[in-house]
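Trainee: here is a sequence together with a model predicted from it:
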Amino acid sequence: MLGGGINDDRDGPRNNVRQFASPNRSNALQVFDEIPESDTFAWNSLIQTHIANGDWDLPIFIYNQMLLRGVRPDKRTLPRILNASQFSGNFFYGRQLHGHALKLGFALDSYVITALMDLYGHYDGVEAAQRLLDQSHCLNSVSWTMLARLYMARNRPNSVLETFKQMVELGTVDVDAVALATAINACGQLKSIREGRRVRDVARKLGLELDVLVCNSLLKMYMDCGSISDARGVLDQMPSKDVISWTSVIHWYVRNGEFNEALKLFRVMMNSQGVKPDQVLVSGVLPACARVAAGKQGKEIHAHSIRTDVDSYQAVQNALMDMYIKSGCLDLASRIFNRMNNKDNISWTVMILGHSLHGQGKLGLELFQKMKSSGNAEFDDTLYEAVLHSCVTARQVEEGKSYFKYMKEHTVEHCCLMVSLLGHAGRFDDAKAFILEHHLERNVRAQRALLDGCRTHQNRILGKKIGEALTELEPLNADNYILLSNLYASYGKLNVANEFKEVIRDMGLRPKKAYSWIEIRNKVHVFGVGDVSHPRSVRIYHELQALMRKMKEECYVADVDFSLHDVDEERECILVGHSELLALSFGLISTQPAATIRVTKNLRMCRSCHSSAKFISKLVRREIILKDPRRFHHFKNGFCSCEDLQ
């Protein structure tokens, strides 16, 4: 509060102040007797010490002792005691203090007025604070800022701007950076760039446009209004930027999925002088690295956090784990987790979900049991959702049902996880009954969750019914027609399959294109189905064909069933032209023999590529990590971590 934060710079005896800093009620009276009656500074120091420690009752006790001993409070005493009475919930005592201020002649002091406004505004409403200000005729930047804060706390930004305009038009009040920042924040709450630019014009006329506090408020206002270009304009012109300046813009890029821009700006900041990233900035930029193609940048940020000792903060450790998990490095995430002295709910949740995403559902469930045995765990629905993910991956139906019951509220996401769990376990009758029980018959996500089970168990009949239902629920989604086209093609009904293709053309729909990408020496290489545009295409296809010959010699038979695949172009393309295999082949010819290959695909792997990748991992004796929208597939020695639950 304003009153509690006043610096006491008065002249007076300051000896032995520290020895009076922490009295308690048992020896307080003896300590008070040792304070010279004329030393108001020592009494104020005692009061401020306990306010800083959040002890609101003892300052009132000290103030009463001051009065009993005939010590006269000064204008620095009353604001502090007013704050203490407010936070202790003693409004009646606060009103008595108002009377003290009148009797002592401090009722017109700006800091006393501000503390009284805060008190009355908290208990009687902002109108009471406004009346107090009007009666005192003490309008200055400090009192106006307090009034504006009260309006903002009650979600009345228009009143803030109206009062600000009056203050500017009055011309007798010095408008400072705090007042400007408060008005700009009101503009951001209103989502009004026009009003924000008006306040900025006032700041420009006063020579405060480049003040750090004003600029940071402008950054937030422009971003709240959705204008990142204006925000970047402010950031670029700031002669002096603090960590808040950089953090606000970088976090905006991350929240809005502009990860490359976030990392570019982070690198610019690192090359600037005088700014040291803190735990808030580091934990906020790490999600931009939570991708396979950005894992190298994530490791660089991790190294920097170690050098600056920021990695010791729990928020940073949690963000590092999440980054490594989502960039395909589960082992590095596990090392951080195992070294953590204190684990919160986020730590456990991130690692449980991480094991599930990497096909280690059983390990995720074991980790949950370990969490329960730790004794200090807090179970919330986010944690149980991660546990449900692990149950799906591990196909633990009964455990999943049990955890589902523990959840306080069942969201659509939770219900879809249960449908997916039942479907992946092949319990289709139970899954359909669950959908009926929770009224999810027309829910697209629930139907697609059941379709996932059909993919795993190759249940074409139910898959066809779901595909037809999806075309009714999403008539403009081309993927549903592709699914049905592939189903009928698998039955040999090519004429019906072609009819669905004609529907797609006639409706002008755009089916999804399959792409895969891999990062080699800091450059991302993207491949489409049948792609021959890469400069090394000849060598890529040659490597793949050589692998296919070896696989054939080992009696490998490709799974060419695309019936439940929603990418038509892959069904019609030969296997060596599939995007993930092209990226995989390029990785094999571009890296050292023992290096792990990391590939990302925008759509789910087909069954043929999945079985091929398993066999290739055995032939080349390398680990292949492929991420699709569902999970990470770790191919090693002819096996996949998903246990063919793709």
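Mentor: Looks like it arrived, so ask away. Numbering: from 1, shown residues only.

Trainee: how far out from the middle of the chain is stretch 621-641?
Mentor: How far stretch 621-641 lies from its chain's middle: 27 Å, per C-alpha atoms, centre = their mean, to the nearest Å.

Trainee: that stretch: which residues count as buried?
Mentor: Across stretch 621-641, burial judged by 16 or more other C-beta atoms under 10 Å covers 622, 624-628, 631-636, 640-641. In short, each C-beta sits where N, CA and C put it, glycine included.

Trainee: and if you look at stretch 124-134?
Mentor: Buried residues in stretch 124-134, counted by 16+ other C-beta under 10 Å: 126, 128-130, 132-133.

Trainee: repeat that for stretch 282-301.
Mentor: Buried-residue list, stretch 282-301, by 16+ other C-beta under 10 Å: 282-295, 297-299, 301.

Trainee: in helices, which of those residues fall?
Mentor: 282-285, 295, 297-299, 301 (DSSP state H).

Trainee: now the buried residues of stretch 621-641 in JSON lines, with distance to residue 568?
Mentor: Shown next, in JSON lines, are these (distance: C-beta to C-beta, whole Å):
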{"residue": "622", "distance to residue 568": "31"}
{"residue": "624", "distance to residue 568": "26"}
{"residue": "625", "distance to residue 568": "27"}
{"residue": "626", "distance to residue 568": "21"}
{"residue": "627", "distance to residue 568": "23"}
{"residue": "628", "distance to residue 568": "17"}
{"residue": "631", "distance to residue 568": "23"}
{"residue": "632", "distance to residue 568": "26"}
{"residue": "633", "distance to residue 568": "22"}
{"residue": "634", "distance to residue 568": "28"}
{"residue": "635", "distance to residue 568": "25"}
{"residue": "636", "distance to residue 568": "31"}
{"residue": "640", "distance to residue 568": "25"}
{"residue": "641", "distance to residue 568": "28"}
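
Trainee: would CSV of those with distance to residue 395 and pLDDT be doable?
Mentor: CSV is the format used below for the buried residues of stretch 621-641 (distance: C-beta to C-beta, whole Å; pLDDT from 0 to 100):
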residue, distance to residue 395, pLDDT
622, 28, 96
624, 23, 96
625, 22, 95
626, 21, 95
627, 21, 95
628, 19, 93
631, 14, 91
632, 18, 95
633, 17, 95
634, 18, 95
635, 20, 95
636, 21, 95
640, 15, 93
641, 14, 91
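
Trainee: and these as CSV, adding distance to residue 408 and secondary structure?
Mentor: Formatted as CSV, the buried residues of stretch 621-641 follow (distance: C-beta to C-beta, whole Å; DSSP: H, G, I helix; E, B strand; the rest coil):
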residue, distance to residue 408, secondary structure
622, 45, coil
624, 41, strand
625, 36, strand
626, 36, strand
627, 32, strand
628, 32, coil
631, 27, coil
632, 30, strand
633, 34, strand
634, 34, strand
635, 39, strand
636, 40, strand
640, 35, strand
641, 32, coil
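
Trainee: what about the stretch 351-500 of the chain, any weak spots by pLDDT?
Mentor: For the stretch 351-500 of the chain, the stretches flagged by pLDDT under 70 are 376.

Trainee: now do the helices in it.
Mentor: Under the criterion DSSP state H, counting those that start in this stretch, the stretch 351-500 of the chain contains helices at 361-374, 381-394, 397-406, 412-424, 428-437, 444-457, 460-473, 478-490, 494-506.

Trainee: counting by contacts, list what the last one packs against.
Mentor: Secondary-structure packing of helix 494-506 (3 or more C-beta pairs under 8 Å, 6 or more residues apart in numbering; DSSP states H and E): helix 478-490.

Trainee: quick one: the helix it packs on to helix 444-457, angle?
Mentor: If you take axes from the mean of the first three to the mean of the last three C-alpha atoms, to 10 degrees, helix 478-490 sits at 30 degrees to helix 444-457.

Trainee: ok, residue 94 touching residue 84?
Mentor: No: counting by C-beta atoms under 8 Å, residue 94 stays clear of residue 84, with 9.1 Å between them.

Trainee: quick one: which of these two has more around it?
Mentor: For residue 94 versus residue 84, neighbours defined as other C-beta atoms under 10 Å are more numerous around residue 84 (28 against 24).

Trainee: how close does that one sit to residue 51?
Mentor: Computed as C-beta to C-beta, to the nearest Å, the residue 84 to residue 51 distance reads 6 Å.

Trainee: what does residue 474 give?
Mentor: For residue 474, the distance to residue 51 equals 60 Å [C-beta to C-beta].

Trainee: the two: who's more crowded?
Mentor: Shown here are residue 474 and residue 51; by other C-beta under 10 Å, residue 51 has more neighbours (21 against 15).

Trainee: correct me, but the more buried one touches residue 85?
Mentor: No: Residue 51 is beyond contact range of residue 85, at 11.1 Å (criterion: C-beta under 8 Å).

Trainee: helix, strand, or coil at the most far-flung residue of the chain relative to its centre?
Mentor: Residue farthest from the centre of the chain, counting by C-alpha atoms, centre = their mean, is residue 70 at 55.6 Å. Using DSSP: H, G, I helix; E, B strand; the rest coil, the structure places residue 70 in coil.

Trainee: ok, back up a step: so which of the helices of the stretch 351-500 of the chain comes closest to residue 168?
Mentor: Relative to residue 168, the nearest member of the helices of the stretch 351-500 of the chain by C-beta to C-beta is helix 381-394, separated by 46.6 Å.

Trainee: need the helices for the stretch 1-150 of the chain, in chain order.
Mentor: Using DSSP H, counting those that start in this stretch, helices in the stretch 1-150 of the chain cover 28-33, 40-52, 57-68, 77-87, 91-104, 110-124, 126-136, 141-153.
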